[in-house]
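1. Sequence and computational prediction follow.
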Amino acid sequence: MKYKSPEAIAKRPTLFCQGCAQGIINRLIGEIMEELDKVDKLIVTTDVACGAMNVIVWDYDTIVGAHGRPLPTALGVKKVRPDCVSLAHLGDGAAYNIGLAETMHSAIRNDNVVALVANNCVFAMTGGQMSATTLPGQRTPSTVNGRDCKATGNPFRIENAIGKLDIAYLARGSVDSVKEINKTKKMLKKAFEKHLAGEGFCLVEILTPCPTNWGLSPLDSMKYIREEVVPVYPLGEFVDREESTNA
């Protein structure tokens, strides 16, 4: 069987590091938009970090928002273009550090936008420094001896912050294997379906590798996700309004 690339994923060279999972995520977005017949309705607001390089990879209408502020921009897009599919594409540093206030208030208001957060546990674009999601003991340029949680606090888990709020959907997936990629696609598709139904705020966090800043090979980076990252950031669906309503 020959697999066809989504039409909206441009056939151009990318600027992403070898082993980066942005390409996997982009393919999932493209496949879902084609399955939902919404390719021409998607408007993406991306951050100025690694995700901003997607502007040369895909052919969707795209806005590069201020660092950490794609969510309020995506909400503005949805307000003026209610017929569109509005996606905020962020990294963990943008969503949980610089833009944490914006993430929290979008959840509190139950804004009808989809947030996709690629969590690689570091500030990747600026050199791999510690972010809110850096693992205990993880070495980075700003934690050369490993993250000391007594000094910096524990890793930030979004389900602990907004899991009890009245939102439409909250889930965490991974791209470390074909099995997990397929599960993550189902999570993302459900988020977009809920968005199209007007149910409110949907956030899907995706555990992604960063071989360059982790100092690992692409293959070892996937192993690192399975063995080190997943135990700290468990996978699964945490909020699904329809399921909780029917329970």
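-> Yes, it's here.
2. Break down this protein into its helices, ranges please.
-> 22-36, 70-80, 92-93, 100-109, 149-152, 158-162, 178-196, 211-214, 218-224, 241-246 (DSSP state H).
3. quick one: contacts of the fourth one?
-> Residues outside helix 100-109 that contact it (CB atoms under 8 Å, 6 or more residues apart in numbering) are 68-69, 71-72, 75, 95-96, 113, 115, 132, 158, 161-162, 165, 167, 201, 203. Glycine gets a C-beta too; all of them are placed from N, C-alpha and C.
4. Quick one: buried ones out of those residues?
-> Buried members of the contacts of helix 100-109, scored by 16 or more other CB atoms under 10 Å, are 68-69, 71-72, 75, 95-96, 113, 115, 132, 158, 162, 167, 201, 203.
5. what's the farthest-apart pair in the residues you listed?
-> Within the buried ones among the contacts of helix 100-109, Leu75 and Ala132 form the most distant pair, 22.0 Å apart (CB to CB).
6. that older thread, deepest-packed of the helices of the chain, please.
-> By mean neighbour count, with neighbours taken as mean count of other CB atoms under 10 Å, helix 92-93 ranks first of the helices of the chain at a mean of 29.
7. Mean confidence (pLDDT) on that one, please.
-> The average pLDDT within helix 92-93 is 95.
8. distance of Trp58 from Lys179?
-> Applying CB to CB, to the nearest Å, the value for Trp58 to Lys179 is 25 Å.
9. Same question for Thr208.
-> Taking CB to CB, one finds Thr208 at 16 Å from Lys179.
10. just His105 next, same as before
-> With distances taken as CB to CB, His105 is found 35 Å from Lys179.
11. for Lys79, same thing?
-> Remark: distance between Lys79 and Lys179 (CB to CB) = 38 Å.
12. you'd agree Asn97 is up against Gln129?
-> No. Using CB atoms under 8 Å as the test, Asn97 is too far from Gln129 to be in contact (10.1 Å).
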